[in-house]
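Enquirer: have a look at this prediction, sequence included:
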Amino acid sequence: MNSFIENLNGRGETFLTFVWPMLWQSSLLIAVLLVFDFLVRRKVRASVRYTLWLVVLVKLCLPPTLARIPSFLCALTSTYFGNRFFTFAQGKQPAPARFFHYLAASGVSNVLNLGVYALALALLPPLSIAPFAALILATGVSMCANFCLYSTFVFGGPPRPRGLTIDSRDP
């Protein structure tokens, strides 16, 4: 009987390690969407709000490891538009090729991030703080690489706020 209970406890623990990330991530997503839905319910059409709720359905249907793929694509798309309209002050003209340049630059930066992280873990002494130090170092290098790649390769110029001119000849 004890082996049966131990087997059942082991299976329950395995199930919990699989389900726990899905539970807290889905709960957080539902809470964020509830707040967002409450704030914009009179300003945004219902069809748009219902489409956002489909994200919860997709999240509930995908395991946590596969759910990272659409979350990465959503993050990449939102940061692209944020950089395009706010950071680098580009116009609103459609530029699908620019998005693929952004995707390539982000891929290079992510590979650099992983490489710096692995190298830092290999070179740092085995302390309990080593993974955090490696993470901070890799994130800093990746952030600088992102900015340099985005400002030259993707958006093609130095960042400047909208409405400000560099000199009187600049429109």
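Expert: On my side now, so go ahead.

Enquirer: looking at the chain, which helix or strand is least sure?
Expert: Lowest by mean pLDDT, DSSP states H and E among the helices and strands of the chain is helix 64-82, with a mean of 73.

Enquirer: show me what contacts the closest residue to S106 other than its chain neighbours?
Expert: Using Cβ to Cβ, 6 or more residues apart in numbering and skipping residues adjacent in sequence, the residue nearest S106 is L76, 6.0 Å away. Quick note: C-beta positions are derived from backbone N, CA and C, even for glycine. The neighbours of L76, taking Cβ atoms under 8 Å, 6 or more residues apart in numbering as the test, are 102-103, 106.

Enquirer: now swap in A120 and tell me
Expert: A120 sits in contact with 130, 133-134, 137-138, where contact means Cβ under 8 Å, 6+ apart.

Enquirer: any idea how far it lies from P131?
Expert: 9 Å (Cβ to Cβ, to the nearest Å).

Enquirer: how near is the residue most central in space within the chain to S106?
Expert: By Cα atoms, centre = their mean, the chain has its centre lying nearest to A75, at 4.0 Å. From A75 over to S106 the distance is 10 Å, taken as Cβ to Cβ.
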